[in-house]
Structures are given as C-alpha cells and as structure tokens.
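1. Using only what follows, build the 3D model:
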Amino acid sequence: MAGGGSDRDATPAAETTPPPWAAPDGDTRLILFATCPQGIEPLLAEEIVALGGESVSAGSAGVHWSASWAVVERVNRGSRLASRVLLRLAAAPYRNERDILRLVADVPWEQAMTPDHTLRVDLSSRRARLKSLRIVTLRIKDAIVDRLRERFGRRPDVDTQDPDVRVMAFVDEREAAIYLDLSGESLFKRGWRGRLDKGAAPLKENLAAALPLLAGWRPGEPLLDPFCGSGTIVIEAAQRLAGLAPGAHRAFGFERLAGYRRPSAPGHEGHPGGPAPAPGDPSPDGPAPIFASDIDSAIVRVARENARRAGLDSAAIRFAVADAFTVKRPPHVASGWIVTNPPYGERLDEIGDAERLLALGRRWRDEFSGWRLAWLTADHGLPGRLGLRARRRIPVMNGALDCRLFVFDLGSVGPAPERP
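-> As a prediction, this is how the structure comes out:
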C-alpha cells in the first residue's frame, strides 16, 4: 500500500483478495441486509428466498440474508419489495466512540472507492451510547477519507445528493455495524414516473407492490383500484403478472464501485430469479384482470403514461375515468379484489365526509358482493365509518404514518358507526 504524502498519483498495492464486485463469478458468501417498510418483512423474506438468498430471516424494517455476488445483483434488479440492499463490511461490540472509529478505519475502503469517487455517510441508531450522532457521523466520514488519503495521497469529496459511494452505519446499545449501500437510489424508484406525475405524494412502489399480497390477492385474480391516482398499485401488480423485473431500466450503486465488472455467467440480465409469474388473464378471451379508475381525467392520463413507461402493454390495465362512489363491478367478473389507498388518510371529523364514507361502504357492499376489499389508511376507526366488518387488520408503516391495511369481505355488515 502507498503511504500518505504528496504523491497524488500513488495507487494502492494489489489486494490479495479482490472485492466480490470485482470477482463476480466467485462463490464467496456475503452478509447482507435488505431494508423495507415496516410490516412487509415476511413478504420480502419470501421474495429473497425465491431470488436465491440464503440464511434468510425477517428483522425489523428489513431482512437479514447471505448470498454470492451474482445473487446480490439479482436481488437488486429483481426485488419488488426491498428499499435498499446493504453489504455488511464490519461489525463488533463497542464501548465508546473510539472503538467505532477503529472499526471503520480497518475496513479496506480502497477496494470500493478512489479519491475520484464521491462519498456520503449516514448513521442510524437505537439506544446507542453516544453523545452526538452528528459528530460521530462526521468522524466516521473522516476515518474513511483519512485511510484513502494515506493510500492515494488525496481524499474524495462529499456529495450528499448523488454520491458514488454511500456508507451506512448502525449502532445500538452494544454493537456497531458498517454497511455499504449497493442500491444507490432507493429500489422503489423504478424509473417509470414521468414529469407530469406531480400530484399528491404517491405511494412508494415497494409498499404498493406489497399491499395486494399482504391482503391475500394472488396474481391472476381480478384486481381493481377505484382511487388509482397515478397508478402505482395496479402498475406494480401488472408488472408482476407480466414478469417484468422492477429494476430492469435503472442504475445501481454497485455499478459505481471501484473495479466493478459484470458477471460472465449468462442470463444475469434476464428474469430476476424464481419461477416466472403465471399468466394474468383467466382465459385468452377474458377481461383484463386489472382495472383502475379515478374521478380525475388528467390523473388517469398520467397513470396510463406511467404504465406505458413501465413497459406494460396497453391491455395490461383497463383504465377508466369514474367516480369511486358510482363505479360498477367489471362486466363478467364475479369476484375479485379492490385494493386501494384513497385520499382518506387521517381521522375524519366532518359529518359530510363521514356520511359519504358510510354511503360508500353500503354502495360497494351491494355492487361488489362476493369481492374482497383491502384499504390502506391511517384512520384506525375506518371499519366503523364504512359500516363494514374488518376480517383482518394488518399494521403497516407508510413512511412515518402508522397505518392499517383493513381487509373486508364485501357483503359483511359491520357495527353501526359512531357519529363524529
């Protein structure tokens, strides 16, 4: 290794063990953590197993697993539910801040980046025995750049917006762990949202992909979102039916790492792993199994364009402009699922809105008798407001909102709602 000094052209000596992304055909087992919204961890664990992950266990807001580098790439490109894939570089118990900094300084950062890369460091903690997380974050960054300056003679710059390399540290009351973010931008950013998609903050794509599965929907069953907005729920479901990898048209953080090269094994760009999804239509001449509507014609146009940008055929989703309070059951479809995230997110205290919700519950119970309804909301009293009986109440975090995914059998009457 080259030491510190003024030689700006200094390069590190060859490492005896190349990093996995520089030897992608190797069989080294890596220790990983995939983050996700709280509430969908079991689904993500099943998905990672299907994509080839090993030693998989669901944790809090993510999944622990191990895999070869080829599977790591496959999960990044093919996971519909993960937010980020993190590679564990080091972990150890600590007594104080100095122990954490020694742990960071011993990581061979020169394998992942050079002074020409940009860097960002984030620190998360839970009951950590640290006085200032901000100061520790800065000192972790300093420990990384100091090691690189010793080996290259100069240091990388920091970029908090679009870094080449993102380092994430997690500290609890006993242990510190250092991770390399392999995803770059969050994996829920598929790359298909257009410039016209500027409405209210849409549901994140990985949570939208999870909602039907959490409720009990299975690919191939009819699905309707009568408050579709920009189409996130139905686009994710239609892509699943079509077997389209969610990360097929985006870049990843691991592609920026020093020495990165693609695996030579054939097929790593193809289907992301696991069995191909079953065809979606009940029969070749049957109706489209996925339906979407919204009262706003402009937002329906946005949803159609998003579906096109997502690589979906125009027949994959049957879009319509319709009021959710008068929407009709799709013709010739006896049963199916309504899965939706309507603009009724908080507790409703106005009598007008409360009466409209009760009328909506009655209308859907009659029009969609035999169907099932899954409704995501932060209003934990929603079932009474709809006048429906919830069969399941599934806790889900939608960003910072503590939500419930309520699942109803339409036709089942609930208790009379309380007047606000």
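
2. From G361, how far out is the residue nearest to S369 when sequence neighbours are not counted?
-> In space, and not counting its chain neighbours, S369 is closest to G411: 4.4 Å by CB to CB, 6 or more residues apart in numbering. For every residue, glycine as well, the C-beta is placed using N, CA and C. Noted for G411: a distance of 11 Å to G361, by CB to CB, to the nearest Å.

3. who's more crowded, the two?
-> More crowded of G411 and G361, by other CB atoms under 10 Å: G361, with 23 against 15.

4. Now do the contacts for the more buried one.
-> R385, L386, G387, L388, G414 (CB atoms under 8 Å, 6 or more residues apart in numbering).

5. Mind telling me what element it is part of?
-> Element membership for G361, per DSSP states H and E: helix 351-367.

6. Next, the buried residues of that helix.
-> A354, L357, L358, L360, G361, W364, R365 (16 or more other CB atoms under 10 Å).

7. thinking again about what came up before, inside strands: which ones of the contacts of G361?
-> In strands, defined here by DSSP state E, the members of the contacts of G361 are L388.

8. quick one, helices of the stretch 301-420 of the chain?
-> 351-367, 382-386 (DSSP state H, counting those that start in this stretch).

9. Any idea which of those has the lowest pLDDT on average?
-> Mean pLDDT values for those show the minimum at helix 351-367, a mean of 87.

10. pLDDT below threshold where in the stretch 51-200 of the chain?
-> Low-confidence segments of the stretch 51-200 of the chain, defined by pLDDT under 70: 196, 198-200.

11. do that again at 50, thanks
-> Nowhere does the stretch 51-200 of the chain drop to pLDDT under 50.

12. now the strands: where do they sit in it?
-> Applying DSSP state E, counting those that start in this stretch to the stretch 51-200 of the chain gives strands spanning 54-58, 62-67, 84-93, 118-125, 157-158, 165-171, 175-181.

13. Out of those strands, which is closest to G39?
-> G39 lies closest, by CB to CB, to one member of these: strand 54-58, at 10.8 Å.

14. Can you give me the buried ones in that closest one?
-> Across strand 54-58, burial judged by 16+ other CB under 10 Å covers V56, A58.

15. can you check stretch 187-198 too?
-> In stretch 187-198, residues buried by neighbour count (16+ other CB under 10 Å) are L187, F188, K189, R190, W192, R193, D197.

16. mind exporting it as CSV, just the C-alpha atoms?
-> Provided in CSV are the C-alpha atoms of stretch 187-198 (Å, rounded to 0.1, in the frame of the first residue of the first chain):
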residue,chain,number,x,y,z
LEU,A,187,-35.1,0.5,-5.1
PHE,A,188,-38.7,1.7,-5.0
LYS,A,189,-37.6,4.3,-7.6
ARG,A,190,-38.2,2.2,-10.7
GLY,A,191,-37.6,5.0,-13.2
TRP,A,192,-41.0,5.0,-14.8
ARG,A,193,-42.6,8.0,-13.2
GLY,A,194,-42.9,10.9,-15.7
ARG,A,195,-42.5,14.6,-15.4
LEU,A,196,-46.3,15.0,-15.3
ASP,A,197,-46.6,12.8,-12.2
LYS,A,198,-46.6,15.8,-9.8
